[in-house]
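K.L.:
What follows is a predicted structure for the sequence shown.
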Amino acid sequence: MAKTNPFQFIQQVRGEVAKIVWPSQREVLLTSAMVLAMATLTAIFFFFVDFLIRNGLTFTLNFFGS
């Protein structure tokens, strides 16, 4: 394993940090809104799936249980 001294390490870290492209405020807001919208749609979808499964199972158990 190659070893580097602390000075070289700091230079390499600065070089890598300089390559980072940070998103603009508009990009952050748009992607945050999209994540919120998709999470809301997913929650609504699973609510209805759970509702249908629960009602179907309740109907089946009441039909065959009595």
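P.N.:
The structure has been received and is ready for your questions. Numbering: from 1, shown residues only.
K.L.:
State the helix or strand in which the spatially most central residue of the chain lies.
P.N.:
Nearest residue to the geometric centre of the chain (C-alpha atoms, centre = their mean): residue 35, 7.4 Å. Using DSSP states H and E, residue 35 sits within helix 25-65.
K.L.:
now that helix, how far from the centre of its chain.
P.N.:
15 Å (C-alpha atoms, centre = their mean, to the nearest Å).
K.L.:
for that helix, packing partners?
P.N.:
Identification of packing neighbours for helix 25-65 by 3 or more C-beta pairs under 8 Å, 6 or more residues apart in numbering; DSSP states H and E yields no helix or strand. (C-beta placed from N, C-alpha, C; glycine too.)
K.L.:
mind checking pLDDT for the residue nearest to the centre of the chain?
P.N.:
For residue 35, the pLDDT comes out at 98.
K.L.:
Residue 13 now?
P.N.:
92.
K.L.:
other SSEs contacting the helix or strand hosting it?
P.N.:
In the assignment (DSSP H and E), residue 13 maps to helix 6-18. Helix 6-18 is packed against no helix or strand, with contacts defined by 3+ C-beta pairs under 8 Å, 6+ apart.
K.L.:
Start at 12, not 1
P.N.:
Yep, numbering from 12; the last one is helix 17-29 now.
K.L.:
List of residues touching that helix?
P.N.:
residue 15 (C-beta atoms under 8 Å, 6 or more residues apart in numbering).
K.L.:
buried stuff in that helix?
P.N.:
Judged by neighbour count using 16 or more other C-beta atoms under 10 Å, helix 17-29 contains no buried positions.
K.L.:
how much distance is there from that helix to the middle of the chain?
P.N.:
31 Å.
K.L.:
And for stretch 23-32?
P.N.:
26 Å.
K.L.:
burial count for residue 37?
P.N.:
8 (other C-beta atoms under 10 Å).
K.L.:
Alright, calling it a day.
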